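Trainee: Compute the structure for the input listed below.
(chains A and B)
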Amino acid sequence: MAPNDSAETTGEATSTVVGRRKAARYIVPVAVAGVAAATIGLVPALASSGDPDLPEISAQQLIEKIAASDEEQLSGTFKISTDLGLPLDGLAGSFAPGGAGGDKDGGAAAPQDKLMELTSGTHTLRVAADGPERQKLSILGEASEYSLIHNRGEVWAYDSESDEVYHAEAPEGRDGGKHAEKAPKAPEGAPATPKDFAEQALAVAGDTTSVTVDGTAQVAGRDAYQLLIKPKQSGSTIGSVRIAVDAENGVPLKFTLSAASGGKAVVDAGFTKVDFSRPAASTFDFTPPKGAEVTEADELETGGDEHGAAQKALPGQLAELDALAGEGGFNVIGKGWTSIAEITSPGGKGLPAAGSDDMPAEAQGFLDALGDKVTGKFGSGTVFTTRLVNALLTDDGRVYVGAVTKDALVRAADAAQ
Amino acid sequence: MSQAEGAPRAGTAPRAATAGAADPTGPRGPLRPGDPARPRNPLWTLGLLRSEITTLLRRHRTYALLGVLAAVPVLIGIAVRIETGGGGGGAGGPDGGAGPAFLAQVTNNGLFLVFAALAATLPVFLPMAVGVVAGDAIAGEASSGTLRYLLVAPAGRTRLLLVKYAAVLAFCLIATLVVAASALGAGALLFPMGEVTTISGTRIGFGEGLVRAVLTSLVVAVSLTGFAALGLFVSTLTGSGIGAMAATVGLLITVQILDSIPQLSGVHPYLFAHYWMSFADVLREPVHWDDLIKNFQLQGLYVAVFGSAAWARFTAKDITA
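Mentor: So this is what the prediction gives:
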C-alpha cells in the first residue's frame, strides 16, 4: 500500500471514483459481521441435523435398558432450565433463601436451600460419581460455586460465595445402588438429573399413559434414543415428557417436560458434556478451607424447619404433598396424570403455609391479586395457576392441587361436595 | 502484512528509525526514498511499535491511570483487613453479599486479593483506562496535529493503525498486570498466603494458585481486546481526542447497563462485556472452559468487525490535522 495513500480529491472527475473506493472498504467489516452472523445461525442448525442412525427398539426394551444401566462412574456438565410460570418471577427464589447472605437464619451452606434454587431459572451443574460412595454435585454460579460432596460417609457442602461450609454424616441406607446424581442429602422433590426424572415419570405410567420411542438424537455428543411419554387422559397440564437415553449404556442423558399449553419446555435438563470414565479421586477430597465457617448438620435441625414448611407450600412439588398428609386431611382424587390432591387444613382455614387468620389484609389482597376468583357448586375460591400445577383454594379452607387444568379442579371440588 | 525478510544490510536501518521516532519527520522519510510502496523490513514495524509504546508509557496521563488501578487492590485489602481485624477472625463475609466476588476468601488467603481486585476493577476501572488510551490513539494525534506528520513518513496508514492497536493491546496487558501485581503485593503484606481452595472446594498448592492468578490476568487482558478495537474505531471517527475518549467510555457504560437489564437477555450474548466475569471459571477445578471460550470468540469477533471498520475509515479518511 502506498504510504499516505491519497484520500484527497484532486478534481471533480476523480471525486466520485475516490468516493466509491472509500465506500468499498466498508464492505470488509460488513462482510465480517455477516459471516459471523451466518456462522452463529448455521452452526447449531448443522450440528443438530445429524440424528444418529440406530437400530429400532421398542419402548419396553428401552425402559429395561434404563433399569439395567449400571454405570457407576461418570462426570459431566449438566444444564437445567425450569420455567414453571410462577405468578411472580423468581417466587421460588424468595421462598428458598439461597442467594448471597440471604440464608443467615437458615444457617450456612445447608444444601436444601441451594437445591431449591434449581427449581427456577437456568443453572449449570457439574456432576461426578465414582460408585455409591463418592459423588459430587456443583452448581456453578457467577464467579462462585456451590459444591455438595459425598465421600465415604461424609457429606460436605461448600459455598464459595460466602466461604461457608456445611458438614453432615451421610445417612445410612440411602447410598445403596443409586446414582451419583442422587446425592445423599438431596431433598425430596427437587430432582436434579435425568435418572431421577425418568424414575418419577415412569412411576405414574400405566394404562393412563402412552410410552413410545420417538426417534433418536445426539445429546452431549452421544447417540441416544428418545423415549416419549404422553398422558392419554385429557385435562392434564402436562403435554409430554421426553427422555433421551444413551444408546450404549442406557443412562438417561436429557429430560424435557413440556406443558400441554405449548411454548417453552417447563423443565429442560440434560448433560451438555458427559464422560463415563472414573473421575479423578481428588475431585471428592474436601477439607474445609482455613478460616471458613463450618456448620454441623445437627446444629441446623431446629433452624431448618421454618424453611421446610415454606418450601412444601410451593407449587410444583407434587412429591412433597404427602409430607403434608400428617398435618391435616389429605386425599387423592382420580388417578394417573389427572390425580388431584385434596388437602383440608387442620383448623379448616386458609393456606397451610401462611394461615389466613394471621395474615394481614395487605397480604390477603396480594394473594388475591395472584389468583383468579372462581365459583361453583362448592362455593367460591381462588385458583392459583402456574404452567404445570394449578391449585384451588376454597373459601372454606380446602385446597385442591394437581397438574390439571382449572376446570378439572373446579369439577373435582364440585364432586367432593 | 509485510512478509519480506529483512536484508542483512538493512539491519541498522530500524535502529535509526527508532532513534528518530520521537520526531517522525526525521530519518523515516529518506530511509527508502526510491520505492515507498515496497514491503518493508518487519523489524521496521517493530521499531515503530516500540516508539509508540514508549511514547504511551511516558505520558503523565498513563501514570495516573495505572496509579489509580494499582491503588484499588490496596484499598480493598486495607478495607477488608480493618473490617476483619477487630472482629476476631470471622469469615468476614460481606453482609449483603453485594461486594465483588472472592472477597470472603481474601482474609484467609492473600492470593484471593488478586481475583477480588480483578473482579472489582474489570467492570469499570480497567476498561475505562483502556477506553481512554484507545480513544486517544488516532483522535489524539489528530487533535494535537501530529497525525499528519506520522503519515508523512512512509509508514502507511494500515501499518500505523496496526501499530496503534498493538500499543493499545500492550496497555490492556500492562494495566491488568499492574492490578494483579499490586493486589499480590498487598495480599502478601496484609493476609496469610498458602494453599489455595478453588471455588469448587478442592485444594491446589500455592504455586499452582499463582499460575492460575497469572492465567486469570491474561484472560482479563484478552477480555479487553474487543473493547479496545471498538475504542480504536471510535478514535478514527473524530478529530477530537476528548470526544473519542468520552464516546468510548460512554459506550462502555451503556453496554454495562444493557447487560444488567434482564428483559434484554436476547441481546446479552452479543455484548462485549457479557462474558467478562467468566475469568472466574479459571478458579474452578477442573477449569470450566465453556464461557471462557465464548468470551474469546466474542472478543475475536469484535476485533475483526471493529478492527476492519477502523481500517476502512482510517485508510479512506481525509487527514486535515
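
Trainee: pLDDT score assigned to B:Ile293?
Mentor: According to the model's per-residue confidence, B:Ile293 sits at a pLDDT of 94.

Trainee: Oops, could you answer that again for B:Tyr270 instead?
Mentor: The predicted structure scores B:Tyr270 at 91 on the pLDDT scale.

Trainee: what's near enough to touch it?
Mentor: Contact partners of B:Tyr270, counting by C-beta atoms under 8 Å, 6 or more residues apart in numbering or on different chains, are B:Leu298. All C-beta spots, glycine's among them, are computed from the backbone N, C-alpha and C.

Trainee: 10 Å - rerun?
Mentor: A:36-37, A:40, B:298, B:301-302 (C-beta atoms under 10 Å, 6 or more residues apart in numbering or on different chains).

Trainee: likewise B:Gly205?
Mentor: The contact partners of B:Gly205, taken as C-beta under 10 Å, 6+ apart, are B:194-196, B:211.

Trainee: Now, of those residues, which are buried?
Mentor: Among the contacts of B:Gly205, the ones that count as buried by 16 or more other C-beta atoms under 10 Å in any protein chain shown are B:194, B:196.

Trainee: Please list the members of the contacts of B:Gly205 that lie in strands.
Mentor: Helix and strand membership here follows DSSP state E; of these, those in strands are B:Val196.

Trainee: Take the contacts of B:Gly205 and lay them out in a markdown table including distance to chain A.
Mentor: Supplementary listing: those in a markdown table, determined by distance: C-beta to the nearest C-beta, whole Å:
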| residue | distance to chain A |
| --- | --- |
| B:Gly194 | 7 |
| B:Glu195 | 8 |
| B:Val196 | 9 |
| B:Val211 | 17 |
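
Trainee: in stretch A:110-121, what counts as buried?
Mentor: For stretch A:110-121, the buried set under the neighbour-count rule, 16+ other C-beta under 10 Å, comprises A:110-120.

Trainee: How about stretch A:144-160?
Mentor: By neighbour count on 16+ other C-beta under 10 Å, the buried set for stretch A:144-160 is A:144-151, A:155-160.

Trainee: What's the end-to-end length of it?
Mentor: In stretch A:144-160, first residue to last residue: 6 Å (C-alpha to C-alpha, to the nearest Å).

Trainee: check whether that stretch contacts chain B.
Mentor: Yes: in this structure, stretch A:144-160 sits against chain B according to C-beta under 10 Å from any C-beta of the partner chain; the contacting residues are A:144-149, A:156-160.

Trainee: Can you check my assumption that B:Asp281 lies in a helix?
Mentor: Yes: when classified by DSSP: H, G, I helix; E, B strand; the rest coil, B:Asp281 is found to be part of a helix.

Trainee: Which pLDDT value belongs to it?
Mentor: With respect to pLDDT, B:Asp281 scores 92.

Trainee: check contacts around it.
Mentor: Contact criterion C-beta under 10 Å, 6+ apart gives A:140, A:142-143, A:145, B:199, B:216, B:219, B:275, B:287-293, B:295 as the residues in contact with B:Asp281.

Trainee: Near B:Thr54, how many other residues are there?
Mentor: The burial metric for B:Thr54, expressed as a neighbour count using other C-beta atoms under 10 Å in any protein chain shown, is 13.

Trainee: what about it, distance to A:Ile229?
Mentor: With distances taken as C-beta to C-beta, to the nearest Å, B:Thr54 is found 69 Å from A:Ile229.

Trainee: now B:Val255
Mentor: As for B:Val255, its distance to A:Ile229 is 44 Å (criterion: C-beta to C-beta).

Trainee: okay, the two: which has more neighbours?
Mentor: Set side by side, B:Val255 and A:Ile229 give different neighbour counts by other C-beta under 10 Å, the larger being at A:Ile229 (22 against 18).

Trainee: Please name the bridge partners of the more buried one.
Mentor: Applying DSSP bridges to A:Ile229 gives these bridge partners: A:Val211, A:Val241.

Trainee: surely it meets A:Ser236?
Mentor: No: under the criterion of C-beta atoms under 10 Å, A:Ile229 makes no contact with A:Ser236, lying 11.6 Å away.

Trainee: Spit out the residues that contact those two alike.
Mentor: A:Trp337.

Trainee: tally of neighbours for residue 71?
Mentor: Defaulting to chain A. For A:Glu71, the tally of surrounding residues (other C-beta under 10 Å) stands at 16.

Trainee: Sorry, I should have been clearer: chain B.
Mentor: Burial of B:Ala71 is recorded as 14 neighbouring residues (other C-beta under 10 Å).

Trainee: so how far is chain A from it?
Mentor: B:Ala71 sits 22 Å away from chain A, going by C-beta to the nearest C-beta, to the nearest Å.

Trainee: Same check on B:Phe206?
Mentor: Spatial separation of B:Phe206 from chain A under the definition C-beta to the nearest C-beta is 13 Å.
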